[in-house]
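Trainee: Dropping the sequence and predicted coords here.
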There are 2 protein chains.
Amino acid sequence: MTIPFDRLKAFIQEALTRLGLPDHDAATVATLMAEADLQGSDGHGVSRLPQYARRIKAGGFNVRPDIRVVQEHASTALVNGDNGMGHLIMKRAAEIAIEKARTTGIAWVNSQFSNHAGPASLYATMPLKHDMIGLYFAVGNANHLPPWGGLDLLLSTNPIAVAIPSGDEKPIVLDMATTVAAYGKVKTKALRGEMMPEGWMIDREGKPLTDPKRAEEGMLLPLGGMEAGYKGYGLAVIIGLLAGTLGGAAMGSDVIDFNHDDDSVTNTGQAIAAINVAAFGDIAVFKAAVDALVRDLRGSARMPGVERIFVPGERSQQTREARARDGIPIAPALMRGLDQVADELGMTRLG
Amino acid sequence: MTIPFDRLKAFIQEALTRLGLPDHDAATVATLMAEADLQGSDGHGVSRLPQYARRIKAGGFNVRPDIRVVQEHASTALVNGDNGMGHLIMKRAAEIAIEKARTTGIAWVNSQFSNHAGPASLYATMPLKHDMIGLYFAVGNANHLPPWGGLDLLLSTNPIAVAIPSGDEKPIVLDMATTVAAYGKVKTKALRGEMMPEGWMIDREGKPLTDPKRAEEGMLLPLGGMEAGYKGYGLAVIIGLLAGTLGGAAMGSDVIDFNHDDDSVTNTGQAIAAINVAAFGDIAVFKAAVDALVRDLRGSARMPGVERIFVPGERSQQTREARARDGIPIAPALMRGLDQVADELGMTRLG
């Protein structure tokens, strides 16, 4: 079953309003969640609504947060999210970063007492329309990654996203977990009743784990896999320090597994930076160089069997166009979860 | 054969002075090159001296550059390196970033008309003693990486380094190429007469390439390998845009292969950022949190057969301590190259 973007957004918005969010905040979160689905970030959009609803009911999210800047310099800020929904906090953080970068050239804003905010690229792309580069780092909301060679789940999939403005071409947008696969993808496989490919997860003996229903027995493999996974491990550590520790947020053993805990304050941390391209030279020259690079990459000779070369963000852009036209597919298991949310809140079902 | 740090540094310094660098610049470059060897970055230290000497003689480096800031905002700068040695330019860039970050909280400095500057961690660690986090990005000096699925060598190993201040523990320092292996490691294998493991490079049919002497026929695999190499490809693109394109430096098809070209201006670009930890909270609290994380990671239960868990930068730190004590090993093929440099410059051999 597929659902039009506007319908999905309205459904999420109504649910969040009934759950107690102010109208304006419900609209903001609903828009960002539906945008996540539109661009194909299936593990980070409406699929999280049942969990969010549970957490709000359990008192694990503050639906009327006092989101405020608690430390500030010319090019930095620390935002205390007062345990509100992460979408609200990181949208505010992005706005602050963009405003500061206008005059100083770059700004970097950390959050503390934030929460899961959906896909990293939602925020990294916010500076684009101001002709700025966006960088986003986050501490994931559950630890599924041990240190390289270890067994204790001390790290999350800590993602990075970077968005680069372009001219005639689409912006370049990288959005990646520092594990081979994001845990949201594992959850999506489980919802769809599909198996995972080898290389996403291993069990505690180091053997491949491919059944997503057994995910809790296993560990994600860091980017680089069995061969160079120390690099993905290193990235997860560094991103966690930048997004979490720097802002006084949780990192490492402090991280709350919000898949199994509906009421503790997660003290999630994220960081967003905006770099003002104009501070380094002519914007048109920069955009033309980005366009030229995109065309060079796309025009490269191809390996046997490869039909097309993609630039980071291009698949997501294609998904966005297809889903804007055809609607957003909702898997049966997810739809059942959303029906349950609707029933519990006394509202019309989505399907 | 092993050489003490001071002797190695003095040798490099004398060579660079004889090649025409001012005394102070020769000392700066020699220190950074010897530091590279000390920390085990064998592909980026004295092993590059024969190539640097060749390039200086061919007029490919400007030995008396006018290194200057050509664009500046409160938290950003663009440094034109006037085709000087990259070490001089990026040391200056790091100093500017640190100075600006003192008051604004963060600063980001790009270079243009720079050159190969050695290992990324040399510069990322410079902010540490000012209680700042360092981030460094560089465009590599030869393209050995195609876009994901492609054959044209449009990208380099574009490395990232991040250094995080700590308290009682050693700083956390990540320094990684966005390929499975850095090209410097391939060159080191060739110098040592060793084969490469499968997974570092492939040939144009996609088959493993393990003989480093055949490296020029092949392509490096991006981080993630055959399974998730689109992530390493994405990182290489993004880092190239941040380090190169943003500062008006070469990226993509503009990159000069300085292994096969001794006289063209490379217009190499790098970027360095310094983040002032004090702008986000109490430095002692931050350092204690970093120390606690290091101990948690190190203390993790281990996979069968794993003797010890390392934190990023720890192996390099161990190498530094061992080589400070025992000297820096110089492989026979490299020593022959250094002897030739010494003979050509009429100076005492190193060995």
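Mentor: Thanks, I have it. Numbers count the residues shown, from 1 in each chain, chains lettered A, B, ... in the order given.
Trainee: From now on I want contacts and neighbour counts done on CA atoms only, so please keep to that.
Mentor: OK.
Trainee: Can you show me the helices along chain A?
Mentor: Taking DSSP state H as the test, the helices found in chain A are A:5-18, A:23-38, A:49-57, A:86-104, A:121-124, A:183-192, A:225-243, A:283-298, A:314-326, A:332-345.
Trainee: Now do the same for the fourth one: mean pLDDT, whole number.
Mentor: Helix A:86-104 shows a mean pLDDT of 98.
Trainee: by contact count, what packs against that helix?
Mentor: Identification of packing neighbours for helix A:86-104 by 3 or more Cα pairs under 8 Å, 6 or more residues apart in numbering or on different chains; DSSP states H and E yields helix A:23-38, strand A:76-80, strand A:106-112, helix A:121-124, strand A:270-276.
Trainee: mind running it again at 7 Å?
Mentor: Counting contacts by 3 or more Cα pairs under 7 Å, 6 or more residues apart in numbering or on different chains; DSSP states H and E, helix A:86-104 packs against helix A:23-38, strand A:106-112, helix A:121-124, strand A:270-276.
Trainee: Buried residues of that helix, list them for me.
Mentor: Across helix A:86-104, burial judged by 16 or more other Cα atoms under 10 Å in any protein chain shown covers A:86-104.
Trainee: hmm, back to that, got the helices and strands packed on helix A:86-104 as TSV, with distance to residue A:202 columns?
Mentor: Below are the helices and strands packed on helix A:86-104 laid out as TSV (distance: least, Cα to Cα, whole Å):
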stretch	distance to residue A:202
helix A:23-38	28
strand A:106-112	32
helix A:121-124	27
strand A:270-276	27
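Trainee: could these be laid out in CSV, adding mean neighbour count?
Mentor: Below are these laid out as CSV (neighbours: other Cα atoms under 10 Å in any protein chain shown):
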stretch, mean neighbour count
helix A:23-38, 22
strand A:106-112, 31
helix A:121-124, 26
strand A:270-276, 31
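Trainee: Out of those, flag the one nearest residue A:184.
Mentor: Closest approach to residue A:184 among the helices and strands packed on helix A:86-104 is made by helix A:23-38 (12.2 Å; Cα to Cα).
Trainee: how about low-confidence regions in the stretch 51-200 of chain A?
Mentor: Scanning the stretch 51-200 of chain A for pLDDT under 70 picks out no residues.
Trainee: Any idea how many residues pack against the residue of it found nearest chain B?
Mentor: Residue of the stretch 51-200 of chain A nearest chain B, by Cα to the nearest Cα: residue A:150 (4.1 Å). When neighbours are defined as other Cα atoms under 10 Å in any protein chain shown, residue A:150 has 23 of them.
Trainee: pLDDT at the nearest residue to it once chain neighbours are set aside, what is it?
Mentor: Nearest residue to residue A:150 in three dimensions, chain neighbours excluded: residue B:302, at 4.1 Å (Cα to Cα, 6 or more residues apart in numbering or on different chains). Predicted confidence (pLDDT) for residue B:302: 95.
Trainee: Residue B:302: how many residues sit nearby?
Mentor: Neighbourhood size, residue B:302 [other Cα under 10 Å]: 19.
Trainee: same thing with residue A:282?
Mentor: Counted with other Cα under 10 Å, residue A:282 comes out at 12.
Trainee: How much space separates it from chain B?
Mentor: Relative to chain B, residue A:282 is positioned 9 Å away (Cα to the nearest Cα, to the nearest Å).
Trainee: try residue A:201
Mentor: From residue A:201 over to chain B the distance is 13 Å, taken as Cα to the nearest Cα.
Trainee: Just give the nearest non-adjacent residue to that residue, would you?
Mentor: Per Cα to Cα, 6+ apart, closest to residue A:201 is residue A:220, 4.3 Å.
Trainee: Quick one: residues contacting the residue nearest to residue A:150.
Mentor: A:149, A:150, A:151 (Cα atoms under 7 Å, 6 or more residues apart in numbering or on different chains).
Trainee: Which member of those residues is positioned nearest residue B:269?
Mentor: Closest to residue B:269, out of all of the contacts of residue B:302 and judged by Cα to Cα, is residue A:149, at 35.2 Å.
Trainee: re the thing from before, tell me the one of the contacts of residue B:302 nearest residue B:1?
Mentor: Using Cα to Cα, the contacts of residue B:302 come closest to residue B:1 at residue A:149, 32.8 Å.
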